[in-house]
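>>> kindly return the folded structure for what I paste below:
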Amino acid sequence: MLKIDVFLNGSRLMTESLAPKRAYESYVEMTQLVLPPHANGLGTAFGGQIMSWIDICAGVAAMRHARQIVVTVSMDDLHFRQGIRIGEVVILKAQVNRAFNTSMEVGVRVQAENPLTGELRRSSSAYLTFVAIDEQGNRVKIPALIPETENQKRRYDEAAERRRIRLERRTIRRNVVHHRHGK
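Numbers count the residues shown, from 1 in each chain. Okay, the predicted model is just below:
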């Protein structure tokens with residue numbers, strides 16, 4: 001079992017193991033109240049505000065899994081199904097779906113809650129990719145993920161397919177750029 005020292009701003013936090021971790025260990029639930037500064041002229045939360053909260057929630061989940069500094073690499077498939085109005089509570093739930101060598105996919109589900117009635121609505125969801133880095137910004141290895149429930153196993157398998165698609169898109173983008181610039 002490999003042990004590594006984790007540092008934040010030059011301070012040693014703890015010694016962590018690269019032993020596989022259970023999916024539930026990365027679970028995060030975060031709540032926010034939509035206030036007027038978070039909203040547009042229609043009285044619903046700005047999409048960019050929701051994206052920011054998604055990134056924060058997913059980042060905490062990624063750090064809990066890796067026990068390293070993590071950075072966002074991408075956010076895919078963000079779909080806004082319903083707006084969230086001023087005065088409603090935003091509930092964000094995130095968990096690592098799968099860990100690869102130095103990267104991981106985190107899924108985030110966003111719900112709107114009417115705090116007076118308790119009614120919940122699904123608002124949006126997204127998949128984010130994070131990489132773990134050291135103090136110099138170099139990628140570092142992260143623990144593998146152990147899915148235990150049927151839902152975790154499904155998300156684990158689906159994450160591999162989404163990763164394949166992301167890598168394929170990256171290759172296509174590179175080829176387009178090379179073609180445009182005559183390389």
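>>> look up phi and psi at residue 31.
When read as degrees, to the nearest 10, the backbone of residue 31 gives phi -120, psi 150.
>>> longest helix in this structure, please.
In the chain, with assignment by DSSP state H, the single longest helix is helix 150-180.
>>> off-centre distance for that helix?
Averaging C-alpha positions (C-alpha atoms, centre = their mean, to the nearest Å) puts helix 150-180 15 Å from its chain's average.
>>> and that helix, what's buried?
Using 16 or more other C-beta atoms under 10 Å as the test for burial, helix 150-180 gives 152, 155-156, 159, 162-163, 166. From N, CA and C alone the C-beta is placed, and that goes for glycine too.
>>> from the residues you listed, which single one is nearest residue 93?
residue 155 (12.3 Å; C-beta to C-beta).
>>> let me have the buried residues of helix 150-180 in JSON lines, extended by distance to residue 119.
Converted to JSON lines, these look like this (distance: C-beta to C-beta, whole Å):
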{"residue": "152", "distance to residue 119": "28"}
{"residue": "155", "distance to residue 119": "26"}
{"residue": "156", "distance to residue 119": "31"}
{"residue": "159", "distance to residue 119": "31"}
{"residue": "162", "distance to residue 119": "31"}
{"residue": "163", "distance to residue 119": "35"}
{"residue": "166", "distance to residue 119": "35"}
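>>> relative to residue 100, which of the residues you listed is nearest.
Of all the buried residues of helix 150-180, residue 163 has the smallest distance to residue 100: 6.8 Å, by C-beta to C-beta.
>>> who's in contact with the closest one?
Residues near residue 163 by C-beta atoms under 8 Å, 6 or more residues apart in numbering: 98, 100, 105, 129.
>>> mind listing residues that contact stretch 125-133?
Under C-beta under 8 Å, 6+ apart, the answer for stretch 125-133 is 51, 54-55, 58-59, 62, 66, 68-79, 97, 102-110, 139-142, 159, 162-163, 166.
>>> quick check: PyMOL command selecting the buried ones in these.
Entered in PyMOL, the line below selects the buried ones among the contacts of stretch 125-133, by 16+ other C-beta under 10 Å:
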select buried, resi 51+54+55+58+59+62+66+68+69+70+72+75+78+97+102+103+104+105+106+107+108+109+110+140+142+159+162+163+166
